[in-house]
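Q: Predicted model, plus sequence, below.
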Amino acid sequence: MGVDKQFVTKVIAVANIIDELDYYKILSVPKNATLGQIRKAYHKQSRIFHPDRYFHVTDEIFKKSVYIISKRVTEAYVTLRDSGRRSFYDKQLEQSDGKKLRYDEQSDLKKKQEKKQEIGKTENGRKMYQQGMKEFKAKKFADAERSFKMALAYEPDNELFKKMADEAGRNIKVDYRIK
Amino acid sequence: MASPEPVIGIDLGTSYSCVAVVEDGVPTVIPNEWGERTQASVVSFLEDGRVQVGNDAKRRLLTHPKHTIYSAKRLIGRYVFSPEVKKAKAIMPYEIVEGPNHSVRVNVLGKEYSLPQISAFVLKEMKEIAEGYLGQDVQKAVITVPAYFNDNQRQATQDAGRIAGLEVLRIINEPTSAALAYGFGKHLNERVAIYDLGGGTFDISILEIGNDTFEVLATAGDTYLGGDDIDMRLMDYFADLFMQQTGVNLRKDAGALQRLREVSEETKKAFSLKKKVRVHIPEAYTDESGKVYDFQTVIDNDTFVQLTLDLVQRSFKVCDEALQSAGMTVGDLDGIILVGGPTRLPLIRDSVQHYFGREPTLGIDPDEVVAMGAAIQAEALMDADSTAFLLDVTPLTLRLGTVGGYTEQIIAKNTPVPIDRTRTFTTSRDMQERVKIRILQGESNRQEENELLGEFEFSGFRVALRGEVQIEVTFEIDSNGILNVSALDPESGQSASTTVSLSSGLSEDEILSAMDDVQSAELL
């Protein structure tokens, strides 16, 4: 069985302009699509474009085009199903005036790395700080103070650690007063 | 609609293999001429040059342990320095040697065989069983591998198919294949976990089945955990007991040990039905003076559970990992499907039921379901009207080697395929003329803790200060799960690419000569 000629023409055309389509267009969902809609769209588009569907076809140009589209459909799904990646991608679309259409993982990672750097310079410092924040939120202020001080031991100049250690310390006194 | 040319599905197992075909829309397991539905993945070489494969070959384990190769799947696609190969060297009665580029070979009757060649004998036997049943030539097949197999192991399996004279339509994952056989044509809408404990490997996959679309949400595994390990525990227990009873160390006698291994497997199987198993090996050992020792004991279920519980627990750690990857808890699942012979054991069934909080789905043959799924996939690929299709993921993280022995993640594990990812790197030294692209697979940041898939050199870019030249590296996984890597200098347009092929794998010449060997061999 052959494939519909009109469909072949369409697939080849879409593959040619694939770099001009953003992920929402690729999945053909609105910009405010829910996760459920995105998954459904991924299944639907895969059903149309997955290479397995055309395994038996001999037209190599058509198959190559299907493959190009299929890879981009997966890429769109992988990006949009993850809320963190999706919001970075949305910002990227906005800031590039709709010109940067593929999710730039490298700059996303870089940004995350920078954010990490702000919190702490050492692995152990960050770890102790995060533990302190957890304890702080659980209102275990004495534990939190100890963790922040540990973090300070790794990075004595870290203003944020100092501030949190003081803050936790202040809260311990409040505990005593209630008792 | 049946395709004009028959296509088969082969489950190439560590201990047993199974072949199936779709007939009038129904997947059917093909038995051999004796009516046996699974065949031992054992290859035995005879002195006269003939080769015996399957259940008959397994019987020769006792009489010709050095000429009879079993559990080849544990070695295929591995480097000779890997822990699994070292372990095998210590316990296998046949001779394991080092081949070119740190590959593994077995030496039988003075001849060296690659592992793909050994597996090719098993595949050829499966092909011939199918041909005998269908009454016509069979050339196309889908072959299954554990989901957690790395790229090297997949390529080696594909090579085995080619050597056996098969056009391998697709290599698919065993748990995915089982899910396909389970859900095919049933118009389901559910989330299932496939718990696949085979002879040598363990996989867990979590899938969402929606009508005829089978989407793998996450997969995890342990390629060092299987039913064989349960046998080994029993064997160790028996050997220690024999030592206590008689003062004789059976481990030093290859023949006696082989016998003990066989009895251990039988004992394990007996626990599927019994609470207590009597073990008796007459003439288990004969010493130099001709004194004969029997071995006798009774082992109860509690002792059996104690011996093996940590193995079972290990599988649930892997299940935790898969569920976490899928962002789910056991409560989100609609069904549990058990695959692999060892899942017949009450020990496994009970633990699985306890872990998942529900009874596993009944009515699925754990030995045959994978081959049936492979046959369905083979048919679906050849049949334009088929609607069933798989959306699978890559099981392990793909990485690029960077300076100082570190790696950079390019495609994360559990990413759906097909997909490509491009990253930009810069040179690390002034006036650098070439860069080495090292491709690795695994979950560690350090190069040496990952599997090396291959490497190539890229040159021809502008020679400049470090950091000035940019190189774009693209990793691409096609729908066959095969990785392609390319490097591009965007400034000059200079590019290089490679289909990553196992650096310890077979060259084209080696494959061709192995093909001759295997295809002309007379199978008994």
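A: Good, I have the coordinates.
Q: Low-confidence regions, the chain specifically.
A: Since no chain was named, I'll use chain A. A:1-2, A:116-117, A:173-179 (pLDDT under 70).
Q: meant chain B actually
A: B:1-3, B:498-504.
Q: Up against chain A, what does it have?
A: B:169, B:210, B:213, B:215, B:380-385, B:389-391, B:415-421, B:423-424, B:476, B:478-479 (CB under 8 Å from any CB of the partner chain). Every residue, glycine included, has its C-beta placed from N, CA and C.
Q: So which of those are in strands?
A: Within these, residues falling in strands by DSSP state E are B:169, B:210, B:213, B:215, B:389-391, B:415-416, B:419-421, B:423-424, B:476.
Q: Now, of the residues you listed, which are buried?
A: B:169, B:210, B:213, B:215, B:389-391, B:415-416, B:419-421, B:423, B:476 (16 or more other CB atoms under 10 Å in any protein chain shown).
Q: Would you point out the most distant pair within those residues?
A: B:210 and B:423 (33.1 Å; CB to CB).
Q: Chain A: helices as residue ranges?
A: A:5-16, A:23-27, A:35-49, A:60-80, A:83-95, A:105-119, A:123-137, A:141-154, A:159-178 (DSSP state H).
Q: try the stretch 101-250 of chain B
A: In the stretch 101-250 of chain B, the helices defined using DSSP state H, counting those that start in this stretch lie at B:115-134, B:151-163, B:174-183, B:227-246.
Q: Spell out which residues make up each domain of chain B.
A: B:7-186+B:366-391, B:227-303, B:396-499 (automatic domain parsing).
Q: and among these, the most buried is which?
A: Highest mean neighbour count among those (mean count of other CB atoms under 10 Å in any protein chain shown): domain B:7-186+B:366-391, with a mean of 21.
Q: measure that domain end to end?
A: Using CA to CA, to the nearest Å, the end-to-end distance of domain B:7-186+B:366-391 comes out at 21 Å.
Q: so what's residue B:497 up against?
A: Shown in contact with residue B:497 (CB atoms under 8 Å, 6 or more residues apart in numbering or on different chains): B:484, B:485, B:486, B:487.
Q: Nearest residue to the one residue sitting closest to the centre of chain A in space, please, no chain neighbours.
A: The centre of chain A sits closest to residue A:85, judged by CA atoms, centre = their mean, with a distance of 2.1 Å. Distances taken as CB to CB, 6 or more residues apart in numbering or on different chains place residue A:79 nearest to residue A:85, at 4.9 Å, with adjacent residues excluded.
Q: So residue A:119 versus residue A:88, what's the distance?
A: Residue A:119 sits 19 Å away from residue A:88, going by CB to CB, to the nearest Å.
Q: likewise residue A:172?
A: For residue A:172 relative to residue A:88 (CB to CB), the value is 39 Å.
Q: Look at those two and report which has more neighbours.
A: More crowded of residue A:172 and residue A:88, by other CB atoms under 10 Å in any protein chain shown: residue A:88, with 20 against 14.
Q: any idea how far that one lies from residue A:22?
A: Applying CB to CB to residue A:88 and residue A:22 gives a distance of 14 Å.
Q: quick one, what contacts residue 53?
A: In the absence of a named chain, this looks at chain A. A:47, A:66, B:389.
Q: not quite, I wanted chain B
A: Residues near residue B:53 by CB under 8 Å, 6+ apart: B:39, B:42, B:43, B:44, B:121, B:122, B:124, B:125, B:523, B:524.
Q: next one: residue A:164
A: A:129, A:132, A:133, A:136, A:144, A:148.
Q: before we move on, what about residue B:218?
A: Applying CB under 8 Å, 6+ apart, the residues near residue B:218 are B:205, B:206, B:322, B:323, B:325, B:326, B:393, B:414.
Q: Swap in 6 Å and give it another go.
A: Applying CB atoms under 6 Å, 6 or more residues apart in numbering or on different chains to residue B:218 gives the contacts B:206, B:322, B:325, B:326, B:414.
Q: now residue B:211, nearest residue through space, not along the chain?
A: Closest to residue B:211 by CB to CB, 6+ apart is residue B:187, at 5.6 Å.
Q: any idea how far that neighbour lies from chain A?
A: Residue B:187 is 14 Å from chain A, where distance means CB to the nearest CB, to the nearest Å.
Q: what number of residues lie near that residue?
A: Around residue B:187 there are 9 residues (other CB under 10 Å).
Q: Same check on residue A:21?
A: When neighbours are counted by other CB under 10 Å, residue A:21 comes out with 16.
Q: tell me the domain boundaries of chain A?
A: Annotated domains of chain A cover A:5-113, A:120-178 [automatic domain parsing].
Q: Can you give me the first-to-last residue distance of the first one?
A: For domain A:5-113, the first and last residues are 49 Å from each other (CA to CA).
Q: What of stretch B:442-456?
A: Counting by CA to CA, you get 19 Å between the two ends of stretch B:442-456.
Q: Beta-bridge partners for the residue of the stretch 201-350 of chain B found nearest chain A, please?
A: Closest approach between the stretch 201-350 of chain B and chain A, counting by CB to the nearest CB: residue B:213, at 5.2 Å. On the basis of DSSP bridges, residue B:213 is bridged to residue B:210, residue B:389.
Q: Isn't it up against residue A:43?
A: Yes - contact criterion CB atoms under 6 Å: residue B:213 and residue A:43 qualify, at 5.2 Å.
Q: Quickly check: stretch A:25-39 near chain B or not.
A: No - between stretch A:25-39 and chain B, judged by CB under 6 Å from any CB of the partner chain, nothing touches; the nearest distance is 8.4 Å.
Q: ok, now which ones touch residue 51?
A: Using chain A here. A:66, A:67, A:70, B:479.
Q: try again with chain B
A: Residues in contact with residue B:51 (CB under 6 Å, 6+ apart) are B:45, B:121, B:521, B:523.
Q: for residue B:16, same thing?
A: B:38, B:40.
Q: how far away is the residue lying closest to residue B:47 once chain neighbours are set aside from chain A?
A: Once flanking residues are discounted, residue B:47 sits nearest to residue B:109: 6.8 Å by CB to CB, 6+ apart. Distance of residue B:109 to chain A, given as CB to the nearest CB: 42 Å.
Q: possible to save the contacts of residue A:164 as CSV with neighbour count?
A: CSV is the format used below for the contacts of residue A:164 (neighbours: other CB atoms under 10 Å in any protein chain shown):
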residue, neighbour count
A:129, 25
A:132, 27
A:133, 17
A:136, 19
A:144, 25
A:148, 28
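Q: Can you name the residues of chain A that neighbour chain B?
A: Counting by CB under 6 Å from any CB, the residues of chain A near chain B are A:1, A:43, A:46, A:50-52, A:55-56, A:70-71, A:74-75, A:106.
Q: run the last query once more with 7 Å
A: A:1, A:43, A:46-47, A:50-53, A:55-56, A:67, A:70-71, A:74-75, A:77-78, A:106 (CB under 7 Å from any CB of the partner chain).
Q: returning to that earlier point: among the ones in strands among the residues of chain B next to chain A, give me the pair with the biggest separation.
A: B:210 and B:424, at 37.4 Å, using CB to CB across these.
Q: burial count for residue B:519?
A: That count, for residue B:519 with other CB under 10 Å as the rule, works out to 12.
Q: pretty sure it contacts residue B:162?
A: No - at 10.6 Å, residue B:519 does not count as touching residue B:162 under the criterion of CB atoms under 7 Å.
Q: shared neighbours of these two, anything?
A: Common contact partners of residue B:519 and residue B:162 (CB atoms under 7 Å, 6 or more residues apart in numbering or on different chains): none.
Q: With distance to residue B:471 added, can I get the contacts of residue B:53 in TSV?
A: Formatted as TSV, these follow (distance: CB to CB, whole Å):
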residue	distance to residue B:471
B:39	49
B:42	48
B:43	45
B:44	51
B:121	44
B:122	43
B:124	44
B:125	47
B:523	50
B:524	55
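Q: Grab the nearest non-local neighbour of residue B:271.
A: Counting by CB to CB, 6+ apart, the nearest residue to residue B:271 once its immediate chain neighbours are dropped is residue B:304, at 5.6 Å.
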